[in-house]
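S.K.: my questions concern the predicted model and sequence given below.
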Amino acid sequence: MRQVLIYPGEDGYFVVECPSLPGCISQGKTKEEAIANIKEAIEGYILTLEEDHIPVPVENFDSMMVVV
């Protein structure tokens, strides 16, 4: 299980990224498409690390909302 961030991009697509996997970013026209795409990206990212015998980073991302 990985935590992801999703937000609207400048081009009208939704951007989604997985902070615990540096550079693991995707997008989609809808939130649902973006989430499906990041799931695929995460799977590919982890598979590539495992194939290259590189340790998979643990999920350690924490988030909170701050009132300003």
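M.R.: Ah, there it is.
S.K.: quick one: residues contacting the closest residue to Gly9 other than its chain neighbours.
M.R.: Leaving out its chain neighbours, the residue that sits closest to Gly9 by CB to CB, 6 or more residues apart in numbering is Val15, at 4.3 Å. Yep, even glycine has a C-beta here, placed from its N, CA and C like the rest. By CB atoms under 8 Å, 6 or more residues apart in numbering, the contact set of Val15 is Ile6, Tyr7, Pro8, Gly9, Ile25, Ser26, Gln27, Ala34.
S.K.: so which of those residues are in strands?
M.R.: Among the contacts of Val15, the subset assigned to strands under DSSP state E consists of Ile6, Tyr7, Pro8, Ile25, Ser26, Gln27.
S.K.: most neighbours of all those, which one?
M.R.: Among the ones in strands among the contacts of Val15, the one with the most neighbours (other CB atoms under 10 Å) is Ser26, at 22 neighbours.
S.K.: helices of the chain, start to end?
M.R.: 31-51 (DSSP state H).
S.K.: without its sequence neighbours, what residue ends up closest to Ser63?
M.R.: Gln3 (7.0 Å).
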